[in-house]
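Trainee: Predicted model and sequence below, questions to follow.
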Amino acid sequence: MAGMGTLLVSLSGLTDGDDADRARAVAFAVELDRRGVPLTHLVQPRAAGAPPLRRADDLVRWIAGRVGAGDDLLLHGYDHTADPVGAWQNGSVPRIGRRTEFGALPRHEALLRLTAARRVLTATGLSTDGFAAPGWTASAGTVAALPEQGFTLCADETAIRSTLPGGPVLRARVLTFRSSEPWLRAEPAAGGRRALPAQALRSVRRAGVVRIGLRAKDLRKPHRVGAALEAIDAARSAGAVGSVHRGLFPVVAAAA
């Protein structure tokens, strides 16, 4: 299991982004390369209402090249449909949010979407046994369904857990630029330029693990990119070493 001083950086939202978003992602990845920090790519196989990813897509080729050079990949839902509706939903399940595709699904509904997502991802030539919940929210049914599709790791808002029976759980809250973050609301004008590095330092000193989760739209704002890079530098100066999610648990890495 991960020891003291682990830094995890992830990026989502490129599937439904544009060429400018992808150019910014390339530039951000270069900055991480300079710091010796790998990037975990959170990939949704298709955007809602759009064709699925294909092997020939520039984005797929770029991610494949990055993963081959030391980055990692986690499945990030299927198409991010807001609160998918199935026969199980009779109005008793409240709406959680726009990006909570797997936030309230029972096991059988989660299994159907995971099966579809894995089928599309496999067709691109990409593969993974790790899952990152959209909106960082995974229902109990989703967690139960993951091993049935061969997923051995699940990352949510507060933890990264092995889905194997009796597997380890690493408690660490992901730091994001979502508007609900209390530390970001306390520093709106600076956009987290001071607060995020401070949060990263507290995380590495308290739990030994720093998780920074960025979205493609965060990279559109230079002050957020600056805050993220300063937080990464702060964590590294405190002794944190860059890693990827599937490198956390030896038993998971061996099964990948």
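Mentor: All right, it came through fine.
Trainee: When you work out contacts or count neighbours from here on, use the C-alpha atoms and nothing else.
Mentor: Fine.
Trainee: What's the local residue count around residue 147?
Mentor: Neighbours of residue 147 under the rule other C-alpha atoms under 10 Å: 18.
Trainee: can you pull the contacts of the nearest residue to it once chain neighbours are set aside?
Mentor: Leaving out its chain neighbours, the residue that sits closest to residue 147 by C-alpha to C-alpha, 6 or more residues apart in numbering is residue 163, at 6.3 Å. Residues in contact with residue 163 (C-alpha atoms under 8 Å, 6 or more residues apart in numbering) are 143, 146, 147, 151, 152, 153, 154.
Trainee: Helices - which of those residues land there?
Mentor: Counting by DSSP state H, the part of the contacts of residue 163 found in helices is residue 143.
Trainee: any idea which of the contacts of residue 163 has the most stuff around it?
Mentor: Comparing the contacts of residue 163 by number of neighbours (other C-alpha under 10 Å), residue 153 comes first, having 29 neighbours.
Trainee: for it, which residues make a bridge with it?
Mentor: Under DSSP bridges, the beta-bridge partners of residue 153 are residue 130, residue 162.
Trainee: That one is in contact with residue 160, isn't it?
Mentor: Yes. In terms of C-alpha atoms under 8 Å, residue 153 counts as a neighbour of residue 160; the distance is 7.1 Å.
Trainee: For the stretch 101-250 of the chain, which segments count as helices?
Mentor: 107-124, 140-145, 182-185, 195-206, 222-237, 250-255 (DSSP state H, counting those that start in this stretch).
Trainee: other SSEs contacting the fourth one?
Mentor: Read that as helix 195-206. Helix 195-206 is packed against helix 182-185, strand 209-215, helix 222-237, with contacts defined by 3 or more C-alpha pairs under 8 Å, 6 or more residues apart in numbering; DSSP states H and E.
Trainee: Return the set of buried residues in it.
Mentor: For helix 195-206, the neighbour count (16 or more other C-alpha atoms under 10 Å) marks 195, 196, 197, 198, 199, 200, 201, 202, 203, 204, 205 as buried.
Trainee: Closest one of the residues you listed to residue 214?
Mentor: Comparing the buried residues of helix 195-206 against residue 214 with C-alpha to C-alpha picks out residue 196 as the nearest, at 12.1 Å.
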